[in-house]
Each structure stands twice: as structure tokens, then as C-alpha cells.
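Asks: just need the structure, nothing else, for what follows:
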Amino acid sequence: MTLCPACHHKNLPGSLFCAECGTSLTADDTLATRNIDDSTRPRTMSDVPAERIQGWVTLHILPSGQLIPLSRRDEFTLGRISDNQPVIPDVDLGPYQAYTLGVSRLHAQIKRNASGMITIMDLDSSNGTYLNGRKLPPRRETPLSHGDVVALGKLKIQILIA
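Replies: Model prediction:
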């Protein structure tokens, strides 16, 4: 167990943030930062060109504005790839500072069922999955709607449904 330095809550080993108060549990609290050119980032969904939204769901990485279209299959796992990992996620969020933002190796699953309903399910992640600010219970499918904001740990992703 990892003890939170702020509130003394016992957290699961490998947690980057306290489940109780959100305090960083890493020894080195410095993050690499860079300036992002906001002039090219879409402000609203109407600013995103239709040709950039492809597939049945597109993941809009916030705040970078990058888009990841999901297509061809009805089920995707989200997470980050690390060395010697036996099972890898379908969508690697490593390039989006996933490790420093608390994304687990296998964090969540997005699925489209036969009726076309799209759901998300937390895969027992260390730092939780949040839908529009509400923490989701692990291993329970929750419906998604166009424009919903999902947080995997502290990485925020807007869901765009075509």
C-alpha cells in the first residue's frame, strides 16, 4: 500500500494520485511542460472539420486537440504501453503523457453493442475513470453520449460519436 502524504489514505500500489484527495503520490512532482499553439485548436465541435471525425467514435484528446478515430471493430481497450507488458491496449495513450496523468496500462474499454449503443467500462484502473466528473464503478458498462468528457486518471478525452 502507498500512504498519501497529505491525508494518510492507503492507496493501491502503483497509484500516481491519492484516491481520497487527489494528491500526487510520486516522489518527483515536476512535469515536463510545453507551450501549445491554441490558435489551431478547435474551440467547439462545430469548429472540427467533418473530415477529421472518422469512424463510429473519435477520441478528442484535451487540451491538445488531437483526434483518434476508432473504426473497424466494435470494442477497444484504452491504456498505455510499457516494457514487458504481456497484454497491450488497443489504443496507446502513452504519447499524451498518460503515465504522468495516471492512466493505467489497461485502463478502460469502449464498446459498441449490436443496437449501436456506445458504452465505457473502467477495467479496475489504479486512478479511476470519470464520466463528466462522476467516478465510474469498475467493471460496469456506462452509456456514452456525443460530447461527454471522460477522464482516465487526469487525462481528459471528449467523446465524439459519428
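Asks: so residue 57 versus residue 162, what's the distance?
Replies: Counting by Cβ to Cβ, to the nearest Å, the separation of residue 57 from residue 162 is 7 Å. C-betas here are computed from N, CA, C, even on glycine.
Asks: these two: which is more packed in?
Replies: The neighbour count for residue 57 versus residue 162, taken as other Cβ atoms under 10 Å, is higher for residue 57 (22 against 13).
Asks: neighbours of the closest residue to that one other than its chain neighbours, how many?
Replies: Here the nearest residue to residue 57 in space, its sequence neighbours aside, is residue 70; by Cβ to Cβ, 6 or more residues apart in numbering that works out to 4.7 Å. For residue 70, the neighbour count with other Cβ under 10 Å is 22.
Asks: could you list which residues are in contact with residue 70?
Replies: For residue 70, the contacting residues are 55-59, 76, 91, 110, by Cβ atoms under 8 Å, 6 or more residues apart in numbering.
Asks: please flag which of the residues you listed sit within strands.
Replies: 57-59, 76, 91, 110 (DSSP state E).
Asks: now do the phi/psi pair for the residue nearest to residue 73 when sequence neighbours are not counted.
Replies: In space, and not counting its chain neighbours, residue 73 is closest to residue 90: 7.8 Å by Cβ to Cβ, 6+ apart. For residue 90, the backbone dihedrals (degrees, to the nearest 10) come out as phi -70, psi -40.
Asks: and for residue 94?
Replies: phi -50, psi -40.
Asks: so where's this structure uncertain?
Replies: Regions of the chain meeting the criterion pLDDT under 70 cover residues 27-55.
Asks: many thanks, I have nothing further to ask.
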